[in-house]
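In: sequence? don't have it. structure:
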């Protein structure tokens, strides 16, 4: 049972780190050959703000799994309709928009649920 407890302890943390890294890749959109160096660097750091917020949330959640799990779940659920509608307006495809939502918000919903499960397993 001890190995299962360790596994459920580390899976949400590793998945969250991977999801944050995936979100961070979108910051590379700020680089463009038409812009000079400093506006590109500024844009890059501005695009990294969501990743930094998620990283701070992960650090908070590391020891407070239940509260952090609820927050991660809520972040994923609240952002889902926003990201869906934004992408639907850009591509007019329901399936593509659902796929994008699944890539961006569902990992955080899953991470939140796994943090909550980990909290209750450790409580036993």
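Out: Everything's here; your move. Note that the structure is a prediction, hence the values are computed from the model and not measured. Numbers count the residues shown, from 1 in each chain.
In: going forward, measure contacts and count neighbours with C-alpha atoms only.
Out: Fine.
In: for the chain, what are the low-confidence residue spans?
Out: 1 (pLDDT under 70).
In: 80 instead?
Out: The model of the chain has pLDDT under 80 over residues 1-4, 124.
In: Strands along the protein, start to end?
Out: Using DSSP state E, no strands are found in the chain.
In: Run a quick neighbour tally on the residue lying closest to residue 31 once chain neighbours are set aside.
Out: Nearest residue to residue 31 in three dimensions, chain neighbours excluded: residue 40, at 5.3 Å (C-alpha to C-alpha, 6 or more residues apart in numbering). If you count neighbours by other C-alpha atoms under 10 Å, residue 40 ends up with 18.
In: and residue 40, what does it touch?
Out: 30-32 (C-alpha atoms under 8 Å, 6 or more residues apart in numbering).
In: Same list, those residues, but as a markdown table with distance to residue 115 and neighbour count please.
Out: Supplementary listing: those in a markdown table, determined by distance: C-alpha to C-alpha, whole Å; neighbours: other C-alpha atoms under 10 Å:
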| residue | distance to residue 115 | neighbour count |
| --- | --- | --- |
| 30 | 33 | 17 |
| 31 | 35 | 16 |
| 32 | 38 | 11 |
